[in-house]
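Undergrad: make a model of this:
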Amino acid sequence: MAPITATRDLSPELGDAIPGESNRRHLTEVLRTTLEEAIKLRASCGFLLLVIDDLGRINDTHGSETRNTVIAAVQKRLRTQLRGKDHFGRYGSDKFGVIINNCTPDAMQVAAERLLAGVRDEIVETDIGPLAVTVTIGGVIAPRHGRMVREVLARAQEALDEAKVSGGGAFQAYRPNAEQPKFARAS
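TA: Predicted structure coming up:
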């Protein structure tokens, strides 16, 4: 599979994709290709896992049409914050993934802050009125903290879970836990 170099080139393959966006399966294939390339070139890449905060509450309070409006608005805002060589896709109902090529920890922090602000700084207009929306982000640098896709995904989820503890609207980079390496046997 040839690497994809622009977010607009990603296409949906399953019903969980937003039109014009990658779905989870395709996003993980692009991550696999990007990770293999980074390992081969002795470079690094970043993977960000983003979740829309309080989407379940928005759905329960205002209905699925409002929820869908929020998802579409967040997706659009996230895309406008990405560089042309970044990869973006839908990871789940309220989650998105971003693959950042040639990424250092500092560059990942800058990208995450840009994405957080891009969603947070404008109200989402919905059928029930304006809503303030935020995302929470977990990120990992690979192959430094994961040489296999499943490691990268698991560590991004771990970082995301840690970021959620702060109450949402935050970013957390993966930090290894020396006491319990989760993938020690996988290496």
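Undergrad: show me the shaky parts of this protein.
TA: 1-22, 178-187 (pLDDT under 70).
Undergrad: tell me where this protein has helices.
TA: 24-41, 55-62, 64-80, 105-120, 149-165 (DSSP state H).
Undergrad: nearest to L49, of the ones you listed?
TA: Comparison of these against L49 by Cβ to Cβ identifies helix 149-165 as nearest, at 4.1 Å. Where you see a C-beta, it was placed from the backbone N, CA and C, and this is true even at glycine.
Undergrad: list the buried residues in the closest one.
TA: Using 16 or more other Cβ atoms under 10 Å as the burial criterion, the residues of helix 149-165 that qualify are 149, 151-160, 162-164.
Undergrad: residues making contact with that helix?
TA: 28, 31-32, 35, 47-51, 97, 136-140, 142, 145-146, 170-175, 182-183, 186 (Cβ atoms under 8 Å, 6 or more residues apart in numbering).
Undergrad: among those residues, which are in strands?
TA: Secondary structure from DSSP state E places 47-51, 97, 136-140, 142, 171-173 of these in strands.
Undergrad: between these, which sits nearest K40?
TA: Of the ones in strands among the contacts of helix 149-165, the one sitting nearest to K40 (Cβ to Cβ) turns out to be A142, at 12.8 Å.
Undergrad: would you list the phi and psi of A43?
TA: Main-chain torsions, A43, degrees, to the nearest 10: phi -110, psi -170.
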